[in-house]
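# Take a look and give me a structure for this.
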Amino acid sequence: MADVIKDVPITSVVVEALVVMKIVKHGSSNFPTIATGSIVGMDRNGVLEITNSFHFPTVETSADSSSSHQNDASALAVAAPRQKANIAYQNEMIRHLKEVNVDANNVGWYTSATMGNFVNLGFIENQYHYQKDNEKTVAVVHDVSRTSQGSLSLRAFKLTPAFMAAYKEGKFTTESLQKSKLTFRDILQEFPVTVHNTHLLTTFLHQLPQAPQPDTLEPPTSISELKDDPSRQPLYPSVDNLDLSIDPFLEKTCDLLLDSIDAHYNEVNNYQFYQRQLGREQAKISQWQAKRKAENAQRTLAKQQLLPEDEWQRLFKLPQEPSRLEGMLNAKQVEQYSKQVDGFTANISAKMFAVRENLLPKHA
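From the prediction side, this is the model:
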């Protein structure tokens with residue numbers, strides 16, 4: 001029976017509220033530098049429960065550091081889950097957690113992101129580092145930009161089995177991708193995330209005083225009474241939803257989307273350059289083979305020893321096909337940006353259509 005439960009795949013992720021607060025605090029304190037850390041918990045019947053977390057130690061930068069230093073700090077934070085020192089630190093922390101009888105099973109790692117920009121080679125290497133040893137590990141991505149606007153953004157991902165096999169083999173050529181039928185949609189698998197509160201916190205929330213009911217709220221009889229008891233003032237409806245300005249996050253996401261599209265065209269140009277270079281080398285090889293066959297034909301008539309026809313392998317070197325992994329990751333990132341743009345434009349489009357209906361003259 002235990003073996004059957006062990007083989008149940010992950011279907012959802014449950015994160016404790018304390019873990020959410022730790023991740024949010026770590027990500028916001030390190031912003032705009034990427035923050036990474038380890039998460040521990042347990043798997044129960046396909047539900048991955050994350051009960052604790054701790055961040056990886058990173059090298060602190062000076063206060064007057066430039067943007068290049070921030071990029072260096074982000075690079076160090078991205079590589080932190082794979083560093084030997086941090087692996088030893090993680091094992092030591094898990095050992096201490098076991099001593100105090102806390103869930104101490106490593107179930108993955110977490111990282112912060114900005115505007116959904118997290119699909120890169122470092123993210124893939126980190127998740128592969130965890131998932132190759134334990135299939136039931138996830139990467140929790142916390143978007144600091146979205147959370148700062150009052151909407152918690154917490155997502156859980158893992159690599160698909162097909163991508164794990166391809167990454168282990170290390171071949172991302174056109175031929176291998178055609179055989180495996182691997183596309184950018186098959187890189188990551190996302191799981192629904194649920195935030196869980198403890199029973200003590202839930203009880204505390206239920207004991208909070210409720211707002212007064214509208215039917216029992218009596219209007220003040222004088223100005224002095226209103227000043228003495230400001231809580232009796234009626235609540236006014238929010239007019240923020242009537243704002244027609246374009247969401248600044250939409251503009252930033254569109255800029256990042258354009259950058260990703262430019263990177264995609266650069267990858268396409270590199271591959272086209274490889275194809276042109278390969279075509280030139282193959283044309284040279286064909287000319288050399290035709291010339292060698294003609295020489296051997298003359299040598300046959302002259303009854304001389306024939307020259308080897310496979311000597312072209314030593315004389316010519318075919319260019320190596322560039323890896324298509326970067327292009328696949330870039331296409332996946334473009335998909336992430338497109339989904340964000342679609343989510344941003346839903347509310348804005350509804351407002352614009354509503355304004356348009358009121359401004360245009362009505363036809364009889």
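
# Just give the number of residues close to Q131.
20 (other C-beta atoms under 10 Å). Backbone N, C-alpha and C define where each C-beta goes, glycine included.

# Roughly how far does E251 sit from T147?
19 Å (C-beta to C-beta, to the nearest Å).

# Neighbour count: the two, which is higher?
Just comparing E251 and T147: by other C-beta under 10 Å the higher neighbour count belongs to T147, 18 against 11.

# Surely the more buried one is in contact with R155?
No: under the criterion of C-beta atoms under 8 Å, T147 makes no contact with R155, lying 11.5 Å away.

# Centre of the chain to stretch 312-331, how far?
26 Å (C-alpha atoms, centre = their mean, to the nearest Å).

# V107 reaches I39, doesn't it?
Yes: at 5.7 Å, V107 counts as touching I39 under the criterion of C-beta under 8 Å.

# residues shared between the contacts of the two?
Listed contacts common to V107 and I39 are I50; contacts here mean C-beta atoms under 8 Å, 6 or more residues apart in numbering.

# tell me the mean pLDDT over stretch 7-26?
Stretch 7-26 carries an average pLDDT of 87.

# residues in contact with it?
Contacts of stretch 7-26 (C-beta under 8 Å, 6+ apart): 35, 37, 39, 43, 45-55, 110, 112, 136, 138, 140, 142, 147, 152, 154, 156, 158, 191-198, 201.

# Flag every buried residue along that stretch.
10, 13-16, 19-20, 22-24, 26 (16 or more other C-beta atoms under 10 Å).

# List the ones among the residues you listed that fall in strands.
Using DSSP state E, the members of the buried residues of stretch 7-26 that fall within strands are 13-16.

# Adding distance to T173 as columns, could you present the residues you listed in JSON lines?
Shown next, in JSON lines, are those (distance: C-beta to C-beta, whole Å):
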{"residue": "V13", "distance to T173": "34"}
{"residue": "V14", "distance to T173": "40"}
{"residue": "V15", "distance to T173": "39"}
{"residue": "E16", "distance to T173": "43"}
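
# just those residues now: which is nearest Y274?
Nearest to Y274 among those: V13, at 40.4 Å, using C-beta to C-beta.

# Bridged to that closest one, which residues?
L48, V193 (DSSP bridges).

# ok, now how distant is it from L188?
Counting by C-beta to C-beta, the gap from V13 to L188 is 14 Å.

# Check D103 too.
For D103, the distance to L188 - C-beta to C-beta - is 25 Å.

# Which one's more surrounded, those two?
L188 (23 against 16).

# For that one, give me phi and psi.
phi -120, psi 150 (degrees, to the nearest 10).

# Spit out the contact partners of it.
119, 157-160, 163, 332.

# now H142
So H142 contacts 23-24, 27, 110-113, 153-154 (C-beta under 8 Å, 6+ apart).

# Which member of those residues is positioned nearest M352?
Nearest member of the contacts of H142 to M352, counting by C-beta to C-beta, is S153, at 25.0 Å.

# shaky segments in the chain?
1-6, 58-74, 210-220, 222-223, 225-247, 347, 355-364 (pLDDT under 70).

# before we move on, back to that, would you mind listing which of the contacts of L188 are buried?
119, 157-159, 163, 332.

# Which secondary structure elements does the helix or strand that Y274 is a member of sit against?
In the assignment (DSSP states H and E), Y274 maps to helix 248-301. Other helices and strands packing on helix 248-301, by 3 or more C-beta pairs under 8 Å, 6 or more residues apart in numbering; DSSP states H and E, are helix 144-147, helix 312-315, helix 325-359.

# could you check the angle helix 325-359 makes with that helix?
Orientation check (axes from the mean of the first three to the mean of the last three C-alpha atoms, to 10 degrees): helix 248-301 against helix 325-359 gives 140 degrees.

# Show me which residues of stretch 26-35 are buried.
Buried residues in stretch 26-35 (16+ other C-beta under 10 Å): 26-27, 30, 33-35.
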